[in-house]
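> Using only what follows, build the 3D model:
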Amino acid sequence: MAWQGRWGTFLDVNWESVWDVLKWVLAALVAGFIGQFGRSFAVHLMKRRREKKSPDRTDHPEIQQQATPELSPEVLIERERLAADTEAKAVDAKTAKKLAKAEVKRQKKAQSEERKNADR
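Residues are numbered from 1 along each chain as shown. Model prediction:
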């Protein structure tokens, strides 16, 4: 005795309809796989292509080690001092710019209040 449903009996399913359903399921799985891993694969391919196009780049750690000679401690200390001085100058310039902007704002506010008082 076969199960009787709205669309016929359960045993009326043939191999063609099963294969059609399986094709759609496989297509959905392939689309999901491409969506999940396609972007990372594309990024990998672009990186590899960039490396092949310009072999003179120094992004690779081995190339960086070969390009950097051994420096004396005095030279390293001097480089650190210069970097700190440059950073301090940048901070000073940034602070000066902020103070100048604040002064301009104060002047505009004072002018605005003078106009209000003159209008009264």
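> what's the domain layout of this structure?
When the chain is parsed with automatic domain parsing, its domains come out as 1-68, 69-120.
> Let's have those domains in a markdown table, adding mean pLDDT.
As requested, the domains of the chain are arranged in a markdown table below (pLDDT from 0 to 100):
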| stretch | mean pLDDT |
| --- | --- |
| domain 1-68 | 76 |
| domain 69-120 | 82 |
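> okay, those in CSV with mean neighbour count next?
(Glycine included, C-beta is placed from N, CA and C.) Formatted as CSV, the entries for the domains of the chain read as follows, by neighbours: other C-beta atoms under 10 Å:
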stretch, mean neighbour count
domain 1-68, 9
domain 69-120, 9
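> ranges for the strands of the chain?
For the chain, the strands identified by DSSP state E occupy 4-5, 8-9, in order along the chain.
> chain center to the longest helix anywhere in the chain: distance?
Using DSSP state H, we find that the single longest helix of the chain is helix 73-119. Put simply, helix 73-119 sits 31 Å off its chain's centre (C-alpha atoms, centre = their mean, to the nearest Å).
> now for it, which elements pack on it?
Based on contacts counted as 3 or more C-beta pairs under 8 Å, 6 or more residues apart in numbering; DSSP states H and E, there is no element that helix 73-119 packs against.
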